[in-house]
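Student: Please find the sequence and the predicted model below.
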Amino acid sequence: MARVLILGLSGFVGFRLARQLESEHAISGTYHHSCPEEIDYSMRALDSTDRAALREMLLQNQADVIVNCVGMSNVDACEKDPQTASRVNFEFVRDLVQVIKNDCRVTYFIQLSSNAVYD
């Protein structure tokens with residue numbers, strides 16, 4: 001049974017992925033604003049703009065597999081705040097890969113997205 005950390009588990013893609021994997025793997029995940037009540041996995045808040053918090057969380061979690069489903073997908077919000085869109089949809093992924101590469105022993109890193117992520 002692999003330990004799978006799903007970043008953005010509270011989102012559309014992350015939640016459905018967790019439901020598919022839960023019978024064969026130990027699932028944990030992150031949320032941004034609030035954790036929906038129907039989610040019964042081990043969950044932690046994650047600010048995608050805080051690299052130090054990201055590193056600490058990854059080191060504490062010690063997952064075998066990390067799946068990134070984090071993304072800012074609201075088109076209007078991305079157009080209103082392109083800096084945040086870039087931070088979440090590009091810089092966060094770059095920081096995540098660097099932390100995994102330099103500090104974590106992860107068997108697999110998987111980057112998922114829908115077609116509704118904008119920068």
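Tutor: That came through fine.
Student: Go ahead and name everything in contact with the one helix or strand Ala53 maps to.
Tutor: Using DSSP states H and E, Ala53 sits within helix 51-61. The contact list for helix 51-61, computed with C-beta atoms under 8 Å, 6 or more residues apart in numbering, reads 3, 5, 28, 30, 44, 46-48, 66, 92, 95-96, 99-100, 103-104. Heads up, the C-betas are built off the backbone N, CA and C, glycines and all.
Student: quick one: average pLDDT of it?
Tutor: Averaging pLDDT along helix 51-61 gives 91.
Student: chain center to it, what's the gap?
Tutor: 12 Å (C-alpha atoms, centre = their mean, to the nearest Å).
Student: In its sheet, which strands sit next to the helix or strand of the chain with the lowest mean pLDDT, and in what direction?
Tutor: Lowest by mean pLDDT, DSSP states H and E among the helices and strands of the chain is strand 42-45, with a mean of 88. If you go by DSSP bridges, strand 42-45 pairs up with strand 26-31 (parallel).
Student: Please point out which parts of the strand it pairs with sit buried.
Tutor: By neighbour count on 16 or more other C-beta atoms under 10 Å, the buried set for strand 26-31 is Ile27, Ser28, Gly29, Thr30, Tyr31.
Student: Ok, stretch 51-62 next?
Tutor: Neighbour count says stretch 51-62 has Arg51, Leu54, Arg55, Met57, Leu58, Asn61 buried, by 16+ other C-beta under 10 Å.
Student: any chance of the residues you listed in a markdown table, plus distance to Gly71?
Tutor: Putting those into a markdown table (distance: C-beta to C-beta, whole Å) gives the following:
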| residue | distance to Gly71 |
| --- | --- |
| Arg51 | 17 |
| Leu54 | 15 |
| Arg55 | 20 |
| Met57 | 18 |
| Leu58 | 18 |
| Asn61 | 20 |
